[in-house]
Each structure stands twice: as C-alpha cells, then as structure tokens.
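Participant: I'll drop the sequence and a predicted model, then ask my questions.
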Amino acid sequence: MLRKIRIILAAVFFIAITVMFLDPTGSVYKFFGWTAKLQFLPAVMGLNLVVIIITVIAALLFGRVYCSVICPLGVLQDVISNISGRRKGKKNRFTSSKEIKWLRYGVWVLFVAAIIFGVNAFVTILAPYSAYGRIINGMKHPAIPTVIVAAVTLVVVAILSWKNGRTYCNTICPVGTTLSFFSRFAMFRPVIDTEKCKDCKVCEKRCKASCIDIAAHKVDYSRCVACFNCIDNCKFDALHYRFAWGKCSKAEAPAKAAEGEGTDTGRRAFMAGTALAIGAAALKAQEVPKRDGGFAEILPKVSPERTELITPFGSKSVKDFYNRCTACQLCVSQCPNHILKPSTDLNHFMQPYMTYENGYCRPECTICSQVCPAGAIEPLTKEEKTSFHIGVAVLDRRLCVAHTDRIDCGNCARHCPTGAITMVTHHEGLPLIPAVDEAKCIGCGACENLCPARPISAIHVNGLSVHKQD
C-alpha cells in the first residue's frame, strides 16, 4: 500500500511539473505552480524558510520521501529504471554496494563551495530540478547549445538509472546528500525483522538505492529513498516501515557498538575528491534567411554588445539574480515573448538572460516573476512593472536609418510604452532622430526589437547592474 501511495504522489508531481514546463500558455502554472515552489534547492536560494523547514522535517520523520516523490529528476530515474527492470531476467538486478564516500561528499563540498563563491556553472549542472528543467526545455526550445546540454544530462542520468537505479541520486546529487544527513536519523524507516528474515535477498535485489545489505541485516538510511520496494516484495513479512528512532536490529547492534553508536564517519570527514569537468559547446544556430516577396533578403537580428547583462523585471540586481537563480529553465519555458534564453557563458552557465532579437518584454506580462521558485525574480504586478528600471536604451546614430538612408522613421518613439523616446532635430533639413529620456526608460526592449536597422538595431538596451524602482 505504501508503495502504491508513493507512486501515485510521484506521478502527480512528475506529470504536473513536466506539463508546466511544456505549456506555452502559462495556464497550467496557475494550478500546479506549487510543485515548483516545493523544490528544495530553489527554496534554499530563495530563502523560502517554510519549504526548507518542511522538507527537513519530512526527512527527519519519514526519510528521503522528497527524492522519491517531489524531485522530478528522481522520479525520471525511477521511470527509466522500471523500464530497464521489465527486460527478461533483469527484475532482480540490483546488488548491495557500499557508499562511495569520497565521491559523494567530495561533490557535496564542492557544490556548497560553488554556491558560496558564486561558481554558478557548477551549481546549475548538478542541481536536480535544474537538470530536469534543462532536459524538458531542450525539447521545447531546440537551440543547439541548449539541446547539447540537455542531451548530455539525459544520457548520463539514463545510463546510470538504466544500469543501477539511483546511482546519480545517491552518489552525485548534492540535494540527495544534503537530505541524507537528516534521513539517517528518520523516525520512521524500513526495519528488518531478523527472526522472520530468510536471507532470500529479494529485498536487496529490488533495492534501486543498493542500500540493503541482507547478510548483515542492515539498511543504509542515508541512501534509502523510501520507495518501499523492499517492503512490497518481502514474502516473509520481515520488513516493516515503522517507528525506529534510536533503535537498531539485533544484527546491527554489535557493529554499531564497535563503531561507536551515533557517530557517522561520513559526516565527520568529507574528502574533496575529483571535481566534475564542465564543458559547454557554445555553438550558434544558423537561421535560414527570410525572404520578402521572394526578392529582398531580410537579415535576422543580431544581439548587440551590451555594457551590462539584462535580467528580468523583479530581479533586484544582476548579481542578486545570478546568485539566486538555479537555472531551472521554468521562466525560459514560460516566457511568451521568447526573450529569455539560457546562457552558454560559463560564468552564468544555463542561467537565463534577456535579449530582444525575437521580441520585447511587454509591460503587461509578469509571468516570469510569478513562476520563479528561487526568489531570483520577485513577484510584480503590472502596475509595479512600469515603474521598474532594468536597463536604459542608447542610440548608435551611425546605424539609424534616418542617418544612413535619410528617411523618416520614428518606429522606436511610436512603440515606446513609457514615452521615453522622442524624435528631435539633429541637422536642419535632415530627418528627425530619436532621443532617450533615461529617467523614463525602463529597459523593456520595444525600441530595440522594432528598430528596422539590420542586423544590429540602431537603438539597444544596456542593463543596469542595480535595478531601480520609482
């Protein structure tokens, strides 16, 4: 029964999160956005104490139920592992294995250090929710760098789970390791009744976490993800999920006495092992030139060089945004204007940035501020957004068609939603050129996107390092 309940809950979370990432309208988020808010690392980065406390208490009470129910990458591993187990002769394919402490805790130490020192590329690569977001977003937005990273992530996770179940979860994933510090002291956990156990090893062979050693009648609760496969498959009623705080089986007692009960060498000494090498292919997709009426070639827009990156309305500053963002890709997948893209810059690897070649940030749209689970983008109302300044437009007079082609344009001024651009006289007898009132400009990018100059707009937005609000 416990296993069925776990599967139903996991299916709800997995389907809701997946559909939410794939939904282009943003309507699904209204009903299932809470599943994103419950993700552990985004909650930590956003200092969402309620979610953090609930997750820790759940681990102390019931073990790592977060990993088997809430985390979409964990459920994906279970799906792949289950498919692999349906092959002939592969049903009972797992074997007990010892914890690889040097790798597990080494990665965890490096991960924490990366958060502290702002090495965002390392953080976003390993974060499980972010990894799943990259996989789904790679299918939805097939830009070559995004597809490559998504494919590599999926292949690595798929190979490990196909062969050994929860290897990624219990050896590499830093969130799993963090929760393991609490789950080993869980009040409720699977306990082996040594008097009923017949040493058939079915539970051990069905344990996708490889954490049951039936010869010693021991369960490594730091790696157990509370999937209840062992309980469901025990024919002799020798495994029960029960209150066991501070208790151990008769078989475990001598070993614990020899080690010193209550101590955990894995927690006392973290060995900084090998760092994961991160490679990103910074390939650019080649757009097929569009044709106007079969004659005039319309060059695609190219992003200009900016003095500062542009981060979304609702982020306090560029630094704060990238310090909090976990690169889960939810804002990218939900952006209806297609102006948020994953970065291939190693300093902000797979974290989103704003660019206006394909659209601009419409004043009435606040979707990214509503969906961000990490607090990198704080919620804004439509009214608040129009008084929020994330950048300022600048004019390159040499590229303006009023200067190059001697024609009247004014496109930027007509479409500026805040009236920050006016057309002024530059030389007597020549077309008017735009002038920007920096105090009114909010950095939405309407002027840059709608500028007819190609391939680089004559007017473009430079981000503000610290955002301002009137």
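Facilitator: Received the coordinates, thanks.

Participant: Which stretches in the protein count as strands?
Facilitator: Secondary structure of the chain by DSSP state E: the strands cover 188-192, 212-213, 218-219, 239-243, 290-292, 296-298, 340-342, 352-354, 388-395, 421-424, 433-436, 459-469.

Participant: nearest to I407, of those?
Facilitator: Nearest to I407 among the strands of the chain is strand 433-436 (11.4 Å), distances taken as C-beta to C-beta. Heads up, the C-betas are built off the backbone N, CA and C, glycines and all.

Participant: my read: A458 touches L395, true?
Facilitator: Yes - A458 lies in contact with L395 (C-beta atoms under 8 Å); the separation is 6.4 Å.

Participant: Looking at those two, which one has more neighbours?
Facilitator: Of the pair A458 and L395, A458 is the one with more neighbours under other C-beta atoms under 10 Å, namely 27 against 20.

Participant: start to end distance for stretch 321-331?
Facilitator: The straight-line separation of the ends of stretch 321-331 (C-alpha to C-alpha, to the nearest Å) is 13 Å.

Participant: So which residues make contact with it?
Facilitator: Outside stretch 321-331, the residues that touch it by C-beta atoms under 8 Å, 6 or more residues apart in numbering are 20-21, 36, 39, 41-42, 45-46, 118, 120, 123-124, 127, 129-130, 133-134, 136-137, 311-312, 315, 340, 342, 348-352, 367-368, 371-377.

Participant: Only whichever of the residues you listed are buried, select them in ChimeraX.
Facilitator: Buried subset of the contacts of stretch 321-331, written as a ChimeraX selection, criterion 16 or more other C-beta atoms under 10 Å:
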select :20,21,36,39,41,42,45,46,120,123,124,127,129,130,133,134,136,137,311,312,315,340,342,348,349,350,351,352,367,368,371,372,373,374,375,376,377
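
Participant: Among the contacts of stretch 321-331, which ones are in helices?
Facilitator: Using DSSP state H, the subset of the contacts of stretch 321-331 located in helices is 20-21, 36, 41-42, 45, 120, 123-124, 129-130, 133-134, 136-137, 367-368, 371.

Participant: re the thing from before, highest average neighbour count across the strands of the chain?
Facilitator: Highest mean neighbour count among these (mean count of other C-beta atoms under 10 Å): strand 352-354, with a mean of 25.

Participant: Averaged pLDDT, that strand. What do you get?
Facilitator: Strand 352-354 comes out with an average pLDDT of 93.

Participant: Okay, now the sheet partners of it, with direction.
Facilitator: Pairing partners of strand 352-354, with direction, according to DSSP bridges: strand 340-342 (antiparallel).

Participant: what stretches of the stretch 151-300 of the chain score poorly on pLDDT?
Facilitator: 246-298 (pLDDT under 70).

Participant: hmm, try it at 80
Facilitator: For the stretch 151-300 of the chain, applying pLDDT under 80 flags the ranges 245-299.

Participant: hey, where'd the helices end up in it?
Facilitator: For the stretch 151-300 of the chain, applying DSSP state H, counting those that start in this stretch gives helices covering 167-171, 174-183, 202-206, 229-233, 252-259, 265-268.
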